[in-house]
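In: this is the structure alone, sequence omitted:
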């Protein structure tokens, strides 16, 4: 296939020295000697700055940063000593003035170097009365006076009268005003006045700023360049702005991200043209570099529930000029084997709306059930302005299943609707974030082998606690059906496993028949609380407690509880979790759980 690229889920390489072990021995000896030298002298190899313990907030850090004593030689000569003392005095005064202390006094006490230690310095600091802001006057003139972005900057500057003067906040506001002029299309704008006046005797300061914005320029013509290989109407549908709208750098960035997120392009370059002072417009040119049309997909994974997993597939990223894509892949594991294919069509708003046609054949064999399923369906997927993703679906399912003593076949036509959202500060290892979703689906015996309505809801919350993370999750399921025996195995609820109730086998919990075999239930309740504490940059330890079960009656169910501990490794492939858990019943055994993948 032309333009073929390969995407691999795991790549490992082992390198062996062909000259044997002697070079390694010599290298190890050198490393040991270096380590001994570091232990012997490393603690005192930099000058040490000692400061009073009762300094106001922020003063100690500012003094250490601006003085930066460790940058000086360990044992300076006489000429260097005088230079160091002068620089420490000047930088110390500057550090205090930056925080509003204009009548401070810094006294130096030099501690000479010895054979065992570098020189040091102790400072006595008298910071005096802080300078307070007496007046804060920022004038916005021109079209920017009606722009809420500037009002937000001023309101959030933390330079209100009566507060302590801080130079960093003043400088930050100056830079933000100038950058906002650029970002929002005020091509002729300028910060014409920026003045900080300090009255040392009265311990007060006045801030005066004036912005002359001039007219706000608007988006002009958009020129599309390069070999995009898809039709122009689809390219323009990805634009996050229209000609004539007020210019915004944020809209430009959103447009670039939309093009890159489409999967059609390896690079997208957006450039602003020369502004037109008569029309007050800024032309835009966009240059596309297409991705390879075909890609091979490969991935590996492992979990206690399914054992090792291998996923192989092929993807066509651009079937035609209308931007259709297709994918076919297969999954192999000891529990589940299947093949599937999907065909996606971008709709009028391709960033937020698409149609997904898909089919899957899957065979699953667990300790509780065996099932062979064939499904064909269509999903209409829309990302709403609020960030939620709404999916309206229609699926045909044929399933042959064996649960305990029941062997049966089901043919179902199921309409469904799902609403979900994920929000986090990091896609791989979030310290704060959440996931929430719910799905309802059903079937009617008029066109299916049975009638039912089912709801499945789930959520997960991650919060920073102390130096670690608190992770909580839940899942609730409800099915309206006359008899559980009328529901195919893949639609019944089971509990137990890596992402359910740890300490128990995969799908090993739920209602049982007279022989003690788990047959699955109409309803489900799962909850978990976990604390994850880092011990290094890549490793953390965790303790947790899970509870839940599948059942048939909300008025009569047995909540199974478990607890355990584990370790987490942030590997290059994503988080890997190893847990030991057991049920809280007296005769429960410890069970190992291994899983990998993002937390949300």
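Out: Cool, got the structure. These numbers were taken from a predicted model, which means no experiment stands behind them.
In: low-scoring stretches of the chain, by residue?
Out: By pLDDT under 70, the weakly predicted segments of the chain are 1-44.
In: break it into its domains for me.
Out: 46-126, 132-212, 218-290, 294-596 (automatic domain parsing).
In: can these go into CSV with extra columns for mean neighbour count?
Out: Where C-beta positions appear, they are placed from N, C-alpha and C, glycine not excepted. Output for those, formatted as CSV (neighbours: other CB atoms under 10 Å):
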stretch, mean neighbour count
domain 46-126, 16
domain 132-212, 16
domain 218-290, 16
domain 294-596, 17
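In: what does the lengthiest strand in the chain contact?
Out: The single longest strand within the chain, with elements called by DSSP state E, is strand 406-424. Strand 406-424 is contacted from outside by 386-401, 430, 432-443, 447-450, 462, 485, 487-488, 519, 600, using CB atoms under 8 Å, 6 or more residues apart in numbering.
In: ok, now stretch 425-441?
Out: With CB under 8 Å, 6+ apart as the test, stretch 425-441 has contacts from 393, 395, 414-424, 453-464, 469, 570, 574-575, 598-600.
In: show me the contacts for residue 302.
Out: 308-309, 594, 596.
In: can you name the helix or strand that residue 258 falls in?
Out: Per DSSP states H and E: residue 258 is located in helix 249-261.
In: an error on my part: the question was meant for residue 179.
Out: Going by DSSP H and E, residue 179 is part of helix 167-183.
In: show me what that helix is packed up against.
Out: Using 3 or more CB pairs under 8 Å, 6 or more residues apart in numbering; DSSP states H and E, the elements in contact with helix 167-183 are helix 148-155, strand 190-199, strand 204-212, helix 249-261.
In: quick check: angle from the helix or strand following the helix holding residue 258 to helix 249-261?
Out: Counting by DSSP H and E, the element after helix 249-261 in chain order, helix or strand, is strand 265-272. Our comparison of strand 265-272 with helix 249-261, counting by axes from the mean of the first three to the mean of the last three CA atoms, to 10 degrees, yields an angle of 160 degrees.
In: report the strands that pair with strand 265-272, each with its relative direction.
Out: Paired neighbours of strand 265-272 in the sheet (DSSP bridges): strand 281-290 (antiparallel).
In: please name the bridge partners of the nearest residue in space to residue 178 that is not next to it in sequence.
Out: Excluding its sequence neighbours, the residue lying closest to residue 178 (CB to CB, 6 or more residues apart in numbering) is residue 191, at 5.3 Å. In this entry, residue 191 is beta-bridged to residue 211, by DSSP bridges.
In: residue 208 is in contact with residue 191, correct?
Out: No - look at residue 191 against residue 208 with CB atoms under 8 Å: they stay out of range, at 11.3 Å.
In: how far away is the residue of the chain most remote from its centre from residue 118?
Out: Relative to the centre of the chain, the most outlying C-alpha is that of residue 78, 53.4 Å out, by CA atoms, centre = their mean. The gap separating residue 78 from residue 118 is 16 Å, by CB to CB, to the nearest Å.
In: one more: residue 419?
Out: Relative to residue 118, and taking CB to CB, residue 419 is found at 63 Å.
In: please apply the same query to residue 166.
Out: Distance, residue 166 to residue 118, using CB to CB: 33 Å.
In: so the closest residue in space to residue 430 that isn't next to it in sequence bridges to which residues?
Out: Counting by CB to CB, 6+ apart, the nearest residue to residue 430 once its immediate chain neighbours are dropped is residue 424, at 3.7 Å. Beta bridges link residue 424 to residue 433, judged by DSSP bridges.
In: same question, residue 225
Out: Assigned bridge partners for residue 225, using DSSP bridges, are residue 287.
In: can you tell me how far it sits from residue 335?
Out: Taking CB to CB, one finds residue 225 at 50 Å from residue 335.
In: what lies in contact with stretch 344-356?
Out: Here stretch 344-356 makes contact (CB under 8 Å, 6+ apart) with 234, 237-238, 240, 258, 261-262, 322-326, 342-343, 357, 378-384.
In: take these and keep only those in helices.
Out: Mapping the contacts of stretch 344-356 onto helices (DSSP state H) picks out 234, 237, 258, 261.
In: quick one: contacts for the third one?
Out: Yep, that's residue 258 we're talking about. Each residue near residue 258 by CB under 8 Å, 6+ apart is listed here: 238-240, 351.
In: closest one of the ones in helices among the contacts of stretch 344-356 to residue 317?
Out: Distances from residue 317 to the ones in helices among the contacts of stretch 344-356, taken as CB to CB, are shortest for residue 261 (12.5 Å).
In: distance check, the closest residue to that closest one other than its chain neighbours against residue 387.
Out: Once flanking residues are discounted, residue 261 sits nearest to residue 351: 7.3 Å by CB to CB, 6+ apart. According to CB to CB, residue 351 and residue 387 sit 13 Å apart.
In: tell me the centre residue of the chain?
Out: residue 426 (1.8 Å).
In: where's that residue relative to residue 47, distance?
Out: The gap separating residue 426 from residue 47 is 38 Å, by CB to CB.
In: sorry, back to before: farthest pair within the contacts of residue 258?
Out: Across these (CB to CB), the longest gap, 9.6 Å, separates 239 and 351.
In: what ranges do the strands span in the stretch 301-450 of the chain?
Out: 307-316, 325-332, 336-346, 353-365, 369-383, 389-403, 406-424, 433-443 (DSSP state E, counting those that start in this stretch).
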